[in-house]
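# Okay, predicted coordinates and the sequence, questions at the end:
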Amino acid sequence: MTTATSQAELPLAGIRVIDVATVIAAPYCATILGEFGADVLKVEHPMGGDVCRKFGTPTHRGDTLAWLGEARNKKSVTIDLHRPDGVELFKQLIEKADVLCENFRTGTLEKWGLGWEVLQRINPGLIMLRVTGYGQTGPYRDRPGFARIAHAVGGIAYLSGMPKGTPVTPGSTTLGDYLTGLYGCVGVLMALRYREQTGLGQYVDAALYESVFRCTDELASAFAMFGTVRERHGPTHNDFACPYGHFPTKDGKWVALACATDKLFARLAEAMGRPELASSGLYGEQKTRLENRSDVNEIVRDWCGSLTREEVLKRCYATGAPAGPLNNIADIYGDRQFHARRNLVAIDDEDLGETIVVPSVIPRLSETPGQIRHLGPKLGQHTEEVLSELLGMSQEEIGELKKKRVI
Amino acid sequence: MSDENAQTATGMPENSERAPSQEHDPQTTKLPMSGIRVIDVGTFLAGPYAASVLGEFGAEILKVEHPLAGDPMRRFGTATKRHDATLAWLSEARNKKSVLIDLRQQEGVQLFLRLVEKSDVLIENFRPGTMEEWGIGWKELSEVNPGLVFLRVSGYGQTGPYRHRSGFAHIAHAFGGLSYLAGFPGETPVVPGTAPLGDYLSSLYGAIGIMLALRHREKTGRGQIVDIGIYEAVFRHLDEIAASYGLFGKIREREGAGSFVAVPHGHFRTRDDKWIAIACTTDKMFERLSEAMERPELASSRLYGEQRKRLAARDEVNRIVIEWVGSLSRDEVLNRCLEKEVPIGKVNSIADIFEDEHFQARGNLARLEEPGLGEVVVPGVTPRLSLTPGQINNLGPPMGNATYEVMRELLGLSAEEIKQLRQRKII
């Protein structure tokens, strides 16, 4: 199979995306589009730019590592949308764009005269991704929203933590942002497909809390039908599978086990050197294991606690029992699978004079793999290039706009 | 679309109710994925959920299952009166048609290849090597259909030393670095929210990969493979964790209810023993919170006006917020914070969600009538498109409800041939 090696051969070559959003949620949609060939113009306020530049650990370039990693492949164009000249300039860009990603509070773009109806008039084929905490409609639409709040409102924070204990962050505070970026990207790709068939653009109305809520399997169905309110489950509880959870090993580390089916439990019993546990007289059936959850968990906990993490995993892998280490980032750097799949890529940043390691592109396509052409750009790095090449402005005009601090 | 036929074939009445967001008639409105046929031969959610998303937007989804066992998802979750369907199956196998084929039999493989020939997308999540063993690896598949888009989801991906290990979302959360971060510092790592999170994530990447590959196919005629390890979809979401370890050797640890980037940023207990989430990501947000707390001086530059100072005095700042929140009911805290536009929200249980007016207004809870079960409530369609909103036309199908239709109409088999195949348990 020959694979595409230049941006021009990628599936989204020729698609121009304007990303006027901030932090991660809507911008992550643009990031994915950029990895697969779209030209992404990051439109930022001339003073300070996207707040993502300050989110996380700063580098001596000023911009944070989060910015360098997640604004990959984008071109930075500064425009002040609070000023009429800036709005006019933005409209000219919209005319030449296919996709717009934004995440202002509801009503903000409308206030600037850049609402959907205006933009659609300028460019009837435009696809607009709108991301907010609560969506463009409904009683809470004007409330400020962040992923942290969305995890809470969408129902997954309530499920994270020890039973009756303090609900904890579900692993990462940015999870809901990424999730919404993914749903946004699905929506934009659907809309592009529809536009190619009909010529019609549309907008995608994404809410952080909805993306979170959509990933809660049968939580809603079970409450509606049986009144079940799922609670926090801690490390070793799952309503449908046992043993399932995190177990400490002799060397103070953790392993994850998940016996979703009887066959998988049989493999675990074999790994433990106690195949009789999987007999029908004992714990061979999920139903019996769920009924005797604490006994089963204790047996597994004792076994894991008697061995090092490596030993537990080796024995589980030998029988095909579903087990894995609870990796921290140091474990991940040392892991053969991460290396083999090249999940970590080192990119040289010219301006930083250093190599930055970032997660590589997923999904992985065999014929048109995505690309990281460069890391997050400096503020305004591409303003002149875009205004002169795309909008055909003269050096003089650009100089004027600069003087007036419109760009 | 031939949904109507599927329902006629099994004697199922049309669903009288549809999700609230659906004003369009599915028989007349063209959706973005209309005309695309997807074969979903996966199990559980990692991969099959990608098919659900494509189905919501108009693709025809043929769920190919083993004639006896079916998708184990049918037995995973809360049982219902329908013996072949848990609630999880009903919700997440939405819009699919069930077609029974035994891929462990040679004739089953032949039928399957004929289906592949007439399809655009194939989704699978067997352990790597399984389909090759059955004689339906990429080589055979692309021979019968060079334009095929093939989504392969597995715990560790199709390559690398661990590719043959069994993988589930729970293991992928651990392996991908997310579980290590969930819980209190130095204490037991907990499940990050929901068990199948990684399944949803990998499926969303799958759906994106499929649509990109379809675009490429339309330009070049060539299909390709989308290869996703569930752990990768999890790992991709850890913002700068890799970069800061690479540059500074920093190992991120569990942060309890908080966050390493901002203070106060976490979950706080109210006087009535409920929980709220507050996220003061910026200094402006903290200033608003100080006003809501009627202690604006806290946001002065001398005290905690700057994120840097709040991070340095994390425990003290959190203590002040804990005390204030603990002195009021959840509603009082919410009202005062919302008035000042502080980013705040209830830590909702599912019972809270059902009462919430915003969930109602956005139609996030879709209500469908299911024969024999009555009303089933499932999450509505996400993402929300203005011109071509997605649809839920049916919940998870009964075992084999479209086998006959597909064999007869799509593959052109005679009634007699179908009967033969059924008797021999190939379909």
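Cool, got the structure.
# Now for B:Ser300, how many residues are close by?
12 (other Cβ atoms under 10 Å in any protein chain shown). Just so you know, the C-beta spots here come from the backbone N, C-alpha and C atoms, and that holds for glycine as well.
# And it, how close does it get to A:Thr368?
From B:Ser300 across to A:Thr368, the span is 54 Å (Cβ to Cβ, to the nearest Å).
# Also B:Leu338?
Going from B:Leu338 to A:Thr368 by Cβ to Cβ gives 46 Å.
# In terms of packing, which of these two has more residues around it?
With neighbours defined as other Cβ under 10 Å, B:Leu338 and A:Thr368 compare such that A:Thr368 has more, 25 against 17.
# three-state assignment of that one?
Put simply, A:Thr368 is coil when judged by DSSP: H, G, I helix; E, B strand; the rest coil.
# From what I see, it and A:Leu12 are in contact.
No. Taking contacts as Cβ atoms under 8 Å, A:Thr368 lies outside contact range of A:Leu12: 9.3 Å.
# Residue ranges of each domain in chain B, please.
Annotated domains of chain B cover B:3-236+B:362-423, B:265-355 [automatic domain parsing].
# nope, chain A is what I was after
Structural domains assigned to chain A are A:7-214+A:341-403, A:244-248+A:254-325, following automatic domain parsing.
# Could you identify which of the ones you listed is most buried?
domain A:7-214+A:341-403 (a mean of 22; mean count of other Cβ atoms under 10 Å in any protein chain shown).
# That domain: end-to-end distance?
End-to-end distance for domain A:7-214+A:341-403: 35 Å, by Cα to Cα, to the nearest Å.
# average pLDDT across it?
Averaging pLDDT along domain A:7-214+A:341-403 yields 94.
# now stretch A:256-264
Averaging pLDDT along stretch A:256-264 yields 91.
# ok, back up a step: kindly present the domains of chain B as CSV, with separate columns for distance to A:Thr22 and mean pLDDT.
As requested, the domains of chain B are exported to CSV (distance: least, Cβ to Cβ, whole Å; pLDDT from 0 to 100):
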stretch, distance to A:Thr22, mean pLDDT
domain B:3-236+B:362-423, 20, 90
domain B:265-355, 11, 95
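# okay if I get these as JSON lines plus distance to chain A?
JSON lines is the format used below for these (distance: least, Cβ to the nearest Cβ, whole Å):
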{"stretch": "domain B:3-236+B:362-423", "distance to chain A": "3"}
{"stretch": "domain B:265-355", "distance to chain A": "3"}
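# deepest of these, which one?
domain B:3-236+B:362-423 (a mean of 22).
# quick one, strands of the stretch 251-400 of chain B?
Taking DSSP state E, counting those that start in this stretch, the strands of the stretch 251-400 of chain B run over residues B:265-269, B:275-279, B:344-346, B:365-370, B:374-379.
# Show residues contacting the last one.
Pointing back at strand B:374-379 there. With contact meaning Cβ atoms under 8 Å, 6 or more residues apart in numbering or on different chains, strand B:374-379 is reached by A:213-214, A:216, A:220-221, A:223-225, B:17, B:87, B:90-91, B:94, B:364-370, B:392, B:395.
# do the same with the second one
With Cβ under 8 Å, 6+ apart as the contact definition, strand B:275-279 has outside contacts at A:146-149, A:151-153, A:157-158, A:166-167, A:173, B:262, B:264-270, B:285, B:289, B:321, B:325, B:330, B:333-334, B:337, B:342-347.
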